[in-house]
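Visitor: Okay, sequence plus prediction incoming.
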Amino acid sequence: MQRLSSWETPAHRLPRKKVGEAEVVTEFYEPGPYELYHVPDPDGEEHALYEAVERLPITVLKVGGKTVMVDDPPHWWMMKKHAEYYSGRVLVAGLGLGLILHALDAEEHVEDIVVVERSQDVVDLVLPSLDELDTPIEVVVMDWHDFPDVTEARERDFDGVFFDLFVGDGPSLVGMAMREMIWMTERFPEAKTRRIHGMNNDFLEALSRGLGRMF
Ligand SMILES: C[S@@+](CC[C@H](N)C(=O)[O-])C[C@H]1O[C@@H](n2cnc3c(N)ncnc32)[C@H](O)[C@@H]1O
């Protein structure tokens, strides 16, 4: 099991402040065991739990007072794992703390990134911290499901799509994820990679292909 006595991610460099409805704050995980959900750790090992040996500082993004993203070990390590699957031109749903963009930037075959984020306040708060990245990033402020119409999607020709808009977990998300995967498969048929954070993506992709044939 990973035992952590300190914790830092690229999100630690974000200013702790509030912009409109969006706010970045620091919260602390007290020493003890925490869920890792079998996300691969930096040694490539997968465990159900990790242990905070000391109090760990965690960066939290709130929108309208509700937590929408944290940079704790399972989130940051999973963003790095997701990023390994991508190359070329990548479309990202949800800016959040920008962790996925740092992770994609570290992948040598990722060429450019388009992010769709509905909150202008989140963009104003988080985007300046992405100046340091080498990969060109375009941010589109709108609701994910309004972006783009089918014609525009074809013109934009994305190699990969990454979706991370769900907050929370539980069985009800599986149905939503299925619908989302089918929607993404229809909207971005040329994409080689489509992934939804928090889900078993091999299973979703196979199931959505099967359902696509049935209906
Ligand atoms: C879980 S966070 C994304 C975390 C991100 N993957 C990261 O690495 O930091 C979800 C983000 O999606 C945004 N969001 C939620 N619903 C949305 C929608 N329908 N369209 C566009 N953005 C949305 C939220 O404002 C939030 O910034």
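Guide: Looks like it came in fine.

Visitor: what's the distance between residue 68 and the ligand?
Guide: Look at residue 68 and the ligand: by CB to the nearest ligand atom, to the nearest Å, they are 5 Å apart. Any C-beta I mention is one placed from the backbone N, CA and C, and that applies to glycine too.

Visitor: Is any residue of the biggest helix by length in the chain near the ligand?
Guide: The residue-count maximum for a helix in the chain (DSSP state H) belongs to helix 172-187. No. Shown here: helix 172-187 not in contact with the ligand (CB under 6 Å from any ligand atom), separated by at least 10.6 Å.

Visitor: who's the closest residue to residue 201 other than its chain neighbours bridged to?
Guide: For residue 201, ignoring the flanking residues on the chain, the nearest one in space by CB to CB, 6 or more residues apart in numbering is residue 195 at 4.8 Å. Beta bridges link residue 195 to residue 162 when assigned by DSSP bridges.

Visitor: Could you pull up the contacting residues of residue 195?
Guide: Contact analysis of residue 195 by CB atoms under 8 Å, 6 or more residues apart in numbering lists 82, 85, 160, 161, 162, 163, 201.

Visitor: likewise residue 164?
Guide: Contacts of residue 164 (CB under 8 Å, 6+ apart): 92, 93, 94, 96, 100, 196, 197, 198.

Visitor: near the ligand too, which of those residues?
Guide: Okay, of the contacts of residue 164 touching the ligand (CB under 6 Å from any ligand atom), that's 94, 96, 100.

Visitor: Could you pull up the residues touching the second one?
Guide: So that's residue 96. Residue 96 neighbours (CB under 8 Å, 6+ apart): 61, 68, 69, 122, 126, 164.

Visitor: Can you tell me which of those is nearest residue 181?
Guide: Residue 181 has its nearest neighbour among the contacts of residue 96 in residue 164, at 13.3 Å by CB to CB.

Visitor: State the distance from the closest one to residue 94.
Guide: Computed as CB to CB, to the nearest Å, the residue 164 to residue 94 distance reads 5 Å.

Visitor: ditto for residue 118
Guide: 9 Å.

Visitor: Give me the common contacts of those two.
Guide: Common neighbours of residue 118 and residue 94 (CB under 8 Å, 6+ apart) are residue 144.

Visitor: Go ahead and confirm residue 163 touches residue 93.
Guide: Yes. Between residue 163 and residue 93 a contact is recorded at 4.5 Å, counting by CB atoms under 8 Å.

Visitor: shared neighbours, the two?
Guide: Common neighbours of residue 163 and residue 93 (CB under 8 Å, 6+ apart) are residue 144.
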